[in-house]
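>>> Sequence and predicted model, in that order:
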Amino acid sequence: MPNVVTVREAVQRSKADGMPVSEYTLRRWIKSGAIPVRKVGQKVLLYYPNLVRYLQCEDGKDNYPATVAAVSGIRRIEI
């Protein structure tokens, strides 16, 4: 199987490998920059092992979006 796949191919392959991820979720991860891609014309291509690494948290960290880690709400600014 090729390792460079489209988004839909990545979704199908992840389901076959027992790591189901929806197309919507994968596109969100791509948009947030969590999974690097290359755009070729209208197509978005990704390296499938990068998706597997992301799903398995091989970097040793939990995969939280940047907005979760940021402080939310109103905060006082000292002048």
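Noted; the coordinates are in hand. Numbers count the residues shown, from 1 in each chain.
>>> For residue 4, give me its contacts.
For residue 4, the contact set (Cβ atoms under 8 Å, 6 or more residues apart in numbering) comprises 45, 46, 47, 48. Bear in mind the C-beta positions are built from the backbone N, C-alpha and C, glycine included.
>>> go again using 10 Å as the cut-off
With contacts taken as Cβ atoms under 10 Å, 6 or more residues apart in numbering, residue 4 has the following neighbours: 10, 38, 40, 45, 46, 47, 48, 49.
>>> What sits closest to the residue nearest the centre of the chain if chain neighbours are left out?
The chain has residue 29 as the residue nearest its centroid, 3.0 Å off, counting by Cα atoms, centre = their mean. Excluding the flanking residues, the one nearest residue 29 by Cβ to Cβ, 6 or more residues apart in numbering is residue 35, at 4.9 Å.
>>> Tell me, how many residues neighbour the one you found?
Counted by other Cβ atoms under 10 Å, the residues lying close to residue 35 total 20.
>>> Pull out the buried residues from stretch 25-36.
Going by neighbour count (16 or more other Cβ atoms under 10 Å), the buried part of stretch 25-36 is 26, 29, 30, 34, 35.
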